[in-house]
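Asks: Dropping a prediction and its sequence here:
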Amino acid sequence: MIRKPQKPWSTLSLAFALVAMSLIDCMRLSAADPAGGDKPVLVESRRIWNRAAHNAFTDLLRFKGRWYCVFREGTAHVSPDGALRVISSADGEKWESIALIESSKYDLRDAKLTATPDGRLMLNGAGMIADAKIRYYSMCWFSADDGHTWDKGRQIGDPGFWLWRTQWQDGTAYNMGYSTERDRTTRRLRLYRSSDGNKFETLVKKVSAPAGCGEDKILFLKDKTALCLLRHETGDKMAQLGTSKPPYTKWKWRDLNLRVGGPNMLQLPDGRILAATRLYRGGTRTSLSWLDPDNAKLTEVLKLPSGGDTSYAGMVWHEGLLWLSYYSSHEGKTSIYLAKVKMPRKD
């Protein structure tokens, strides 16, 4: 049998073939390693609320199969009309307003959401009176019907101390509170605890953190060690990392390598710790950073679409994705955003 010789490929055909093979290889590499090695991948980020003139300072919670996001609404970053808006969603796509907590006396600010051990929603924040001798009072509210109605609220902690974020451990609520003098160099830090979230007692009257600290996130590890990521606004302004063992009356503090604002952090199922903060060096932004507690180091790994007036993220791990609420002014108007992030596999 005589076979006809095949025609050689033209130069153009060969070029097309090589390009196609290269594209296929790139697609295979992308599919095999979508996280690009050790970096998180942004799945999506979209605006979910911007109805007020200024929408900011968020927190996020998944509770009884629904999503809850809380934030401050006002006419400006600081204004006497600050109110706390609570929105909810069944799927994270369509959001509806379910409550607005207002005050005729205070500019309400920086709300945080948590679920109490007995199954209620708890919201804590601060009331501000700009020109008063004591400008800040910490407050909390409870909802017995999944966030649609809230009680009248109550003051917690000491006047002039801002109790930042309530966290529960073994049925006890813990909250770092910082004094709010205008002179940051005189500001002090206290640790409070509560058995029910209604009344907080002082556990540590003067926490041994540097002056000028405030805004924190306490993370309780499996062995009950507490880590505290703390904003620091005096001296070199490097963030602080605190460590303590039960009963959490003694703390050791170390300088971190970055200045941060609005700190939050979460431990992934594989044990790694991820922080969401405002970063400053190279322009303000909301970013994710790996926290190395052994070496007291933050390593930025993902900038969220953000800029300008931004930060104060809520963090929830759900069905293999990290969900984050945050606010930003990078599109002009200060608005609320929801992001989903896929995490790389641990080596």
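Replies: Arrived safely, thanks for sending. Numbers count the residues shown, from 1 in each chain.
Asks: can you confirm Met185 is in a helix?
Replies: Small correction: residue 185 is Thr, not Met. Yes. Thr185 sits within a helix when classified using DSSP: H, G, I helix; E, B strand; the rest coil.
Asks: just the helices in the stretch 151-300 of the chain please.
Replies: Assigned by DSSP state H, counting those that start in this stretch, the stretch 151-300 of the chain shows no helices.
Asks: Ok, the stretch 1-150 of the chain next?
Replies: Under DSSP H, counting those that start in this stretch, the stretch 1-150 of the chain gives helices at 11-32.
Asks: Strands along the stretch 201-347 of the chain, start to end?
Replies: With DSSP state E, counting those that start in this stretch as the criterion, the stretch 201-347 of the chain has strands at 201-204, 213-220, 226-232, 240-244, 252-255, 260-267, 273-279, 285-292, 297-303, 311-318, 321-328, 335-342.
Asks: Low-confidence ranges, this structure, go.
Replies: In the predicted model of the chain, residues 1-37 satisfy pLDDT under 70.
Asks: Near Gly160, how many residues? Count them for me, please.
Replies: Neighbourhood size, Gly160 [other Cβ atoms under 10 Å]: 17. All C-beta spots, glycine's among them, are computed from the backbone N, C-alpha and C.
Asks: now Glu102
Replies: 12.
Asks: contacting residues for the nearest residue to it once chain neighbours are set aside?
Replies: In this structure, Glu102 finds its nearest non-sequential neighbour in Ala83, 4.4 Å apart by Cβ to Cβ, 6 or more residues apart in numbering. By Cβ atoms under 8 Å, 6 or more residues apart in numbering, the contact list for Ala83 reads 72-74, 100-103, 108.
Asks: switch the cut-off to 10 Å
Replies: Neighbouring residues of Ala83 by Cβ atoms under 10 Å, 6 or more residues apart in numbering: 52, 71-74, 100-103, 106-109, 111.
Asks: Ala144 is nearest to which of the strands of the stretch 201-347 of the chain?
Replies: Smallest distance to Ala144 across these (Cβ to Cβ): 22.1 Å, for strand 311-318.
Asks: Pull out the buried positions in the closest one.
Replies: 311-316 (16 or more other Cβ atoms under 10 Å).
Asks: Can I get those residues in TSV including distance to Asp158?
Replies: Output for these, formatted as TSV (distance: Cβ to Cβ, whole Å):
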residue	distance to Asp158
Ser311	26
Tyr312	23
Ala313	27
Gly314	26
Met315	28
Val316	31
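Asks: Alright, calling it a day.
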